[in-house]
Structure formats: structure tokens, C-alpha cells
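Trainee: Return atomic coordinates for the entry below.
(one chain, ligands or ions: 1)
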Amino acid sequence: METWFLILLTVSISLLLKAFVNLFSSSKKLPHTLPPGPFTFPIIGNILWLRKSFLQIEQIIRNLHLKVGPMVTLHLGPRPSIFIFDRSLAHQALIQNGSLFSNRPKALPTTKIMNSNQHTISSASYGPTWRILRRNLTSEIFHPSRVKSYSHARKWVLEILFDSLESNAKSGESVQVLAQFRYAMFCLLVLMCFGDKLSQDQIKEIEAVQQRVMLSFGRFNILNFWPRVTKVLLRKQWKQFFRLCKDREDALIPLIRARKKAKDERLSKKESDDYVLAYVDTLLDLELPEEKRKLDEGEIVSLASEFLNTGTDTTSTALQWVMANLVKHPYIQDKLLLEIKGVVGDGEEEIKEDDLQKMPYLKAVILEGLRRHPPTHFVVPHCVTEDTVLGGFLVPKKGSINFMVADMGWDPKVWEDPMAFKPERFLRSDDSSGQVFDLTGSREIKMMPFGVGRRICPGLGLALLHLEYFVANLVWKFEWKAMDGDEISLEEKLEFTVVMRTPLKAQISPRKRQGLDVLL
Ligand code: HEM
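Mentor: This next block holds a predicted model:
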């Protein structure tokens with residue numbers, strides 16, 4: 001074949017290929033429009049948003065949604081924040097395009113310091129570090145057999161909770177329960193995190209620091225506004241912030257070192273007595289794949305602190321909402337009590353974890369509590385790994401995306417009479433196979449109190465176990481009633497989670513076992 005013909009053929013093919021590639025890429029051009037939202041003046045607008053509480057912002061987003069549709073953009077900071085209401089768009093993003101939508105935005109300066117440069121599970125970018133940290137937690141600590149090995153801790157904490165409630169019950173006065181629920185959940189997580197049963201004074205000291213850390217997110221937010229300027233103008237607040245970081249280290253580092261020492265001693269003795277693996281033990285062994293090094297002490301502090309904080313308020317808030325509804329609707333409490341009685345019989349003092357599997361109504365009560373009162377109304381902000389399109393709008397890499405958790409669980413298209421507390425709706429499974437409700441939203445999202453997809457809460461199973469165990473035991477041990485003339489208000493207030501504006505105050509009295517027959 002002639003050389004000139006070969007050259008011509010090659011040139012023609014490459015021109016054709018180029019034209020084809022251009023045609024294809026132009027059809028994939030991204031739209032330039034962000035989802036609709038209010039116009040904001042840069043800087044001034046950001047300052048105005050800073051002055052609003054998150055519950056106020058939530059209501060503003062809701063009102064905008066009614067006007068502009070299922071996706072809303074706000075300019076809360078230097079970058080756009082997109083909020084998604086639609087369940088199928090959430091499914092498209094988090095389940096069908098999970099790898100694209102599972103990143104986290106760059107942390108603000110104070111959060112970056114608290115989280116050891118985004119070396120915690122919830123703050124880490126989507127990548128090898130996040131994967132190894134998350135896999136360590138789920139496979140080492142949240143594996144069902146490991147969770148079972150902590151059952152002694154749950155029993156111990158239940159006794160602490162019973163003791164404090166009983167002394168309140170004796171006085172005949174109403175009991176404000178949130179602080180006691182929070183403390184119970186905290187004790188459990190401290191034990192799973194550091195292994196040993198610490199003294200109650202020690203636990204209270206750690207709880208106080210952790211509580212301050214959680215509240216600091218709002219308090220020190222102003223420092224992130226223009227760090228170079230705030231470091232000069234708000235020097236005192238920066239000092240307070242670093243003091244808090246130091247206090248947290250002072251509380252947690254001695255426990256981490258004690259655990260390391262115990263581990264070294266055990267290795268030298270080569271004995272395995274009644275040792276139960278704790279979260280910190282796994283962190284001491286962990287190696288970061290990208291940096292090829294072990295975690296430093298600061299990173300272990302951040303991860304332990306994350307473990308304690310993410311699991312305490314969420315679970316105790318959910319527990320309070322469930323118990324409030326049981327006080328508000330005594331017939332639901334009675335129905336639950338009957339189910340428990342049918343499983344454990346009259347003589348039992350306490351409900352065991354294995355019994356919980358035989359209580360479908362209990363599970364329905366917990367699911368209804370999480371649907372109607374999700375402890376967090378948003379997920380932790382996500383961002384995409386590259387500019388993309390969702391619902392016909394641009395989702396830019398330099399922005400954040402969030403999902404309206406509460407609104408999805410209240411969608412009247414899925415839930416009849418959505419604001420009512422009706423556990424029965426979870427007994428009528430619309431799945432003909434009779435399977436339990438799927439919280440992971442893998443086929444369809446109907447509610448997402450734990451998020452869905454790759455960033456779904458890794459503590460989901462543990463949280464459900466804790467809620468079932470404590471609700472069942474609290475109802476079995478005590479009768480829960482409102483004080484005479486008290487109306488249980490379900491109004492909300494935002495703290496670290498969305499809590500009851502008027503905390504639950506209940507009159508509790510120990511149940512007389514034989515008296516239960518009256519209910520049958
Ligand atoms: C009722 C209790 C709980 C609720 C409602 C809850 C809810 C959530 C939600 C909504 C997210 C964000 C998901 C997302 O960003 O898409 C999350 C993440 C997370 N939760 Fe929970 N949570 C609960 C209990 C727990 C417990 C007990 C722990 C551990 C002790 C835990 C540890 C975490 C962690 C580490 C993340 C970050 C996951 C990641 O970024 O990959 N949570 N949780």
C-alpha cells in the first residue's frame with residue numbers, strides 16, 4: 001500500500017476520533033446553574049447567617065423549598081451549601097453514585113485542629129485514611145461478636161441507671177431523665193473505648209470535658225471567619241480554644257497511656273486473662289496506609305473523643321424522645337409491656353439481650369421514635385469528589401451538600417399522618433417477604449436517621465441495641481407517667497442534637513410484677 005495513502009488514512013481516522021470525542025464531551029458539559037436560593041451579598045450575607053441558629057436556618061430552608069423545589073442553595077460561608085429534600089435525589093446521590101458523593105468538605109480551622117487535621121472518621125476525606133479508620137471501628141469494635149463481649153458493661157450501666165432512678169422514684173417527685181440517660185450512654189462508651197471500669201468520678205470528669213468540646217463547635221465558630229484577623233482581634237477566644245484542646249488531652253492521654261502499658265505488660269506475660277479488647281487498643285496498633293506510620297497520641301485523642309461524642313448525645317436524645325412518647329401515649333406503653341411480659345414471664349427482674357429479638361413491637365417503637373424525632377435533622381456535610389450534576393443542577397466540588405433527614409421521615413407521600421407517633425406502621429411491612437424495615441435505604445429511602453450509603457453511621461447496630469435494651473428494661477422496671485396536669489410537649493430545641501425544648505419530666509414508680517396480670 002502506498003505510504004501517502006497510509007498517512008491520509010491515519011490522519012482521517014484521528015480527525016474522526018477527535019470529532020467524536022468532542023461531540024461526546026460537549027454532550028457531557030455540566031450546567032452552570034446551582035440549585036435556586038436567595039441572593040446573598042458576600043461577607044455581609046455570611047455575617048448575617050452566622051447570627052442565626054441552625055433551627056432558624058432549617059426553617060428558612062424549608063420555606064425556600066416550598067417556593068423553589070427539592071434542591072436549595074444557601075451561601076452560609078464562602079462556598080455554596082446545597083440542601084436536598086427529595087428522597088429519590090438522595091438515593092441517586094448517596095446510593096447510586098456513592099463514590100462521588102461521599103467526600104467531606106475541607107474542615108474549618110478550629111474543627112481541623114480538634115480533629116487532628118481531619119484524621120477522624122467523620123471528618124476524613126473519602127479515601128484510604130477514612131477507609132482504614134472506619135474499617136477498624138466496624139470490624140474490630142462493632143462486629144456482632146465483639147459487641148456481645150461488652151454485654152457486662154450494659155448490665156453494669158443499667159444497674160447504675162436503675163439505682164439513680166429508684167432513688168428519685170422513692171422521693172415521689174418527678175424525674176428529669178435526660179442527664180441520667182446521657183450519663184448512662186457515656187459510661188458505656190467510655191468502657192468500650194478504654195476497657196476498664198473507671199470510677200464514676202473519673203467518668204464524670206471526662207464527660208464534663210467532652211461536653212465542653214461539643215458545645216465549642218458553635219461557640220468558637222466565629223474564630224473561623226477570618227483566622228488571620230481573629231488571631232489578632234480575638235486572641236482571648238483563641239487562647240480559650242487551645243485551653244480546651246489541652247484539657248481534652250489531659251483527660252484522655254493518661255487513659256491511653258495506661259492502656260498501652262497494660263498491653264505491653266500483657267504481651268510480655270503472654271497471658272490472656274479476662275481481657276476485653278477496647279477501641280483504644282485497636283488504635284494503638286493501627287497504621288495509616290498513605291503516610292505509612294502509626295497514629296500519634298493526638299490523633300488517638302481525637303478518635304477516642306469522636307467515639308464518645310458521636311455515640312452519646314445521639315443515642316440519649318433518641319432515648320428521651322421515645323420515653324416521652326411512651327409517657328404521652330400510655331396505651332403504647334401498655335402494649336409494649338404486654339409484649340415484654342409475653343417473652344420474659346413475670347419472674348424476671350431484667351430483660352436479657354437475647355430476648356430483644358423476640359419483640360417486634362419494641363423494634364417498631366424505636367423505629368417510630370427515630371422517624372418522628374431523628375436526633376440530627378441533617379447528616380454531617382458531604383461534598384462531591386468532582387463537579388457533577390444532580391436533579392439538573394450543578395453540584396460543585398467546592399461546596400457542600402446536605403440532606404434533610406427529618407423532612408424525609410415526615411414525607412406524607414410515604415408516611416400516613418406523618419407527625420403522629422404510631423409504631424404500628426412498622427408492623428405493617430409493605431415488603432411481602434415480611435422483612436424488617438430497611439434503614440440502609442439500599443432500594444429506596446423512606447427515612448434516613450443514620451444517613452445512608454458509604455458514610456452511613458457505623459454505630460447504627462450498636463445504637464439500636466442500646467435503645468432496645470434500655471427502653472425495654474426501663475418499661476419493665478418502672479411505670480412511666482406524666483405529673484398530674486403536665487402536658488408532654490414535643491417542641492424541639494437544637495443543642496448538639498435536636499432535643500426536647502421542655503426536657504422530659506416523668507413520675508416513675510417501680511412495677512409490681514403480679515399487678516401486670518391486670519393488663520392481660
Ligand atoms: C441513635 C443514635 C445515632 C444516630 C441517630 C446517628 C446518626 C448519624 C448520622 C446522621 C451520621 C452522618 C451520616 C452521613 O454523614 O451521611 C452519623 C455518622 C457517624 N456516626 Fe452516628 N448516629 C448514632 C449513634 C452512633 C454511635 C453509637 C456511634 C459510635 C459510637 C456513632 C458513630 C458515628 C461515626 C463515627 C460517624 C461518621 C461516619 C463516616 O463519616 O464515615 N454514631 N451518625
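Trainee: and the residue of the stretch 1-150 of the chain found nearest the ligand, how many neighbours does it have?
Mentor: Distances between the stretch 1-150 of the chain and the ligand by CB to the nearest ligand atom are smallest at Ser122, namely 3.6 Å. The C-beta positions use only the backbone N, C-alpha and C, and glycine is treated the same way. Neighbour count of Ser122, defined by other CB atoms under 10 Å: 18.
Trainee: do the one 5 residues further on as well
Mentor: By the measure other CB under 10 Å, the count of residues near Gly127 is 13.
Trainee: Quick check, pLDDT for it.
Mentor: Predicted confidence (pLDDT) for Gly127: 95.
Trainee: Identify the residues contacting the closest residue to it other than its chain neighbours.
Mentor: Closest residue to Gly127 in three dimensions, ignoring its sequence neighbours and counting by CB to CB, 6 or more residues apart in numbering: Glu290, at 7.7 Å. Counting by CB atoms under 8 Å, 6 or more residues apart in numbering, Glu290 touches 127-129.
Trainee: Please name every helix or strand in contact with the helix or strand where Asn473 lies.
Mentor: Taking DSSP states H and E as the definition, Asn473 sits inside helix 460-477. The contact analysis (3 or more CB pairs under 8 Å, 6 or more residues apart in numbering; DSSP states H and E) places helix 460-477 against helix 144-149, helix 151-171, helix 178-194, helix 297-328, helix 330-344, helix 360-372.
Trainee: ok so, going back, Three-state assignment for the residue of the stretch 1-150 of the chain closest to the ligand, please.
Mentor: Following DSSP: H, G, I helix; E, B strand; the rest coil, Ser122 is assigned to coil.
Trainee: who in the chain is up against the ligand?
Mentor: Residues of the chain lying close to the ligand (CB under 6 Å from any ligand atom) are 121-122, 134, 189, 306-307, 310-311, 314-315, 318, 375-376, 379-380, 449-451, 455, 457-459, 462-463.
Trainee: how deep is Thr310 tucked in, by neighbour count?
Mentor: Thr310 has 21 nearby residues by other CB under 10 Å.
Trainee: Pretty sure it sits against Leu460.
Mentor: No - judged on CB atoms under 8 Å, Thr310 makes no contact with Leu460 at a distance of 11.6 Å.
Trainee: Quick check: Lys493 is in a helix.
Mentor: No - when classified by three-state DSSP, Lys493 is found to be strand rather than part of a helix.
Trainee: so the top helix by length along the chain versus helix 178-194, what angle?
Mentor: Once the chain is assigned using DSSP state H, the helix that runs over the most residues is helix 235-269. For helix 235-269 against helix 178-194, the angle by axes from the mean of the first three to the mean of the last three CA atoms, to 10 degrees is 50 degrees.
Trainee: Mind giving me the packing neighbours of the very next helix or strand once past helix 235-269?
Mentor: Using DSSP H and E, the helix or strand that follows helix 235-269 towards the C-terminus is helix 279-285. Counting contacts by 3+ CB pairs under 8 Å, 6+ apart, helix 279-285 is packed against helix 178-194, helix 235-269, helix 297-328.
Trainee: Determine how far the first one lies from the middle of the whole chain.
Mentor: Relative to the centre of its chain, helix 178-194 is centred 16 Å away, using CA atoms, centre = their mean, to the nearest Å.
Trainee: what's the answer for the second one, then?
Mentor: Centre-to-centre, helix 235-269 and its host chain are 24 Å apart (CA atoms, centre = their mean).
Trainee: What helices and strands are in contact with that helix?
Mentor: Looks like helix 235-269 contacts helix 109-114, helix 178-194, helix 200-219, helix 227-233, helix 279-285, helix 297-328 (3+ CB pairs under 8 Å, 6+ apart).
Trainee: Which one of the helices and strands packed on helix 279-285 lies nearest to Asp387?
Mentor: helix 297-328 (29.7 Å; CB to CB).
Trainee: That closest one versus helix 460-477: what angle between them?
Mentor: Per the same axes, to 10 degrees, the angle that helix 297-328 makes with helix 460-477 is 40 degrees.
Trainee: Is it correct that the residue of the stretch 1-150 of the chain closest to the ligand is in contact with Gly311?
Mentor: No - look at Ser122 against Gly311 with CB under 8 Å: they stay out of range, at 11.5 Å.
Trainee: Low-confidence bits of the stretch 201-350 of the chain, can you list those?
Mentor: Along the stretch 201-350 of the chain, segments meeting pLDDT under 70 span 270-274.
Trainee: so which residue of it comes closest to the ligand?
Mentor: Nearest to the ligand in the stretch 201-350 of the chain, going by CB to the nearest ligand atom, is Gly311, at a distance of 2.9 Å.
Trainee: contacting residues for that residue?
Mentor: Per CB under 8 Å, 6+ apart, neighbours of Gly311: 185, 189, 459, 462-463.
Trainee: Give me the phi and psi angles of the residue nearest to Gly127.
Mentor: phi -70, psi -40 (degrees, to the nearest 10).
Trainee: Repeat that for Cys457.
Mentor: Cys457 adopts backbone torsions of phi -60, psi 120, taken as degrees, to the nearest 10.
Trainee: ok, it to Arg235 distance?
Mentor: 38 Å (CB to CB, to the nearest Å).
Trainee: Leu390 now?
Mentor: In terms of CB to CB, Leu390 sits 42 Å off from Arg235.
Trainee: of the two, who's got more company?
Mentor: Remark: of Leu390 and Arg235, Leu390 carries more neighbours, 22 against 10, as counted by other CB under 10 Å.
Trainee: For Leu223, see how far away the more buried one is.
Mentor: Counting by CB to CB - Leu390 and Leu223 are separated by 33 Å.
Trainee: Could you check how far stretch 186-195 is from the centre of its chain?
Mentor: 17 Å.
Trainee: how about it as PDB, C-alpha atoms only?
Mentor: In PDB, the C-alpha atoms belonging to stretch 186-195 read as follows (Å, rounded to 0.1, in the frame of the first residue of the first chain):
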ATOM      1  CA  PHE A 186     -21.500   7.900  78.100                       C
ATOM      2  CA  CYS A 187     -20.400   5.200  80.700                       C
ATOM      3  CA  LEU A 188     -21.000   2.500  78.200                       C
ATOM      4  CA  LEU A 189     -18.900   4.200  75.500                       C
ATOM      5  CA  VAL A 190     -16.100   5.000  77.900                       C
ATOM      6  CA  LEU A 191     -15.900   1.300  78.800                       C
ATOM      7  CA  MET A 192     -15.900   0.300  75.200                       C
ATOM      8  CA  CYS A 193     -13.200   2.900  74.400                       C
ATOM      9  CA  PHE A 194     -10.800   2.500  77.300                       C
ATOM     10  CA  GLY A 195     -11.600  -1.000  78.500                       C
END
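Trainee: out of everything not next to it in sequence, what's closest to Leu337?
Mentor: Val475 (5.8 Å).
Trainee: That neighbour reaches Lys335, doesn't it?
Mentor: No - Val475 lies out of contact with Lys335 (CB under 8 Å); the separation is 10.3 Å.
Trainee: These two: which is more packed in?
Mentor: More crowded of Val475 and Lys335, by other CB under 10 Å: Val475, with 24 against 17.
Trainee: Compute the distance between that one and the ligand, please.
Mentor: With distances taken as CB to the nearest ligand atom, to the nearest Å, Val475 is found 18 Å from the ligand.
Trainee: and that residue, what is it in contact with?
Mentor: With the criterion set at CB under 8 Å, 6+ apart, Val475 makes contact with 326, 333, 336-337, 340.
Trainee: in this structure, which ranges drop under the pLDDT threshold?
Mentor: Judged by pLDDT under 70, the stretches of the chain that qualify are 1-31, 41-52, 270-274, 428-435, 513-520.
Trainee: go again using 50 as the cut-off
Mentor: Within the chain, the stretches with pLDDT under 50 are 1, 21-27, 431-433, 515-520.
Trainee: ok so, going back, I'd like the contacts of Glu290 laid out as CSV, including secondary structure.
Mentor: Shown next, in CSV, are the contacts of Glu290 (three-state DSSP):
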residue, secondary structure
Gly127, coil
Pro128, helix
Thr129, helix
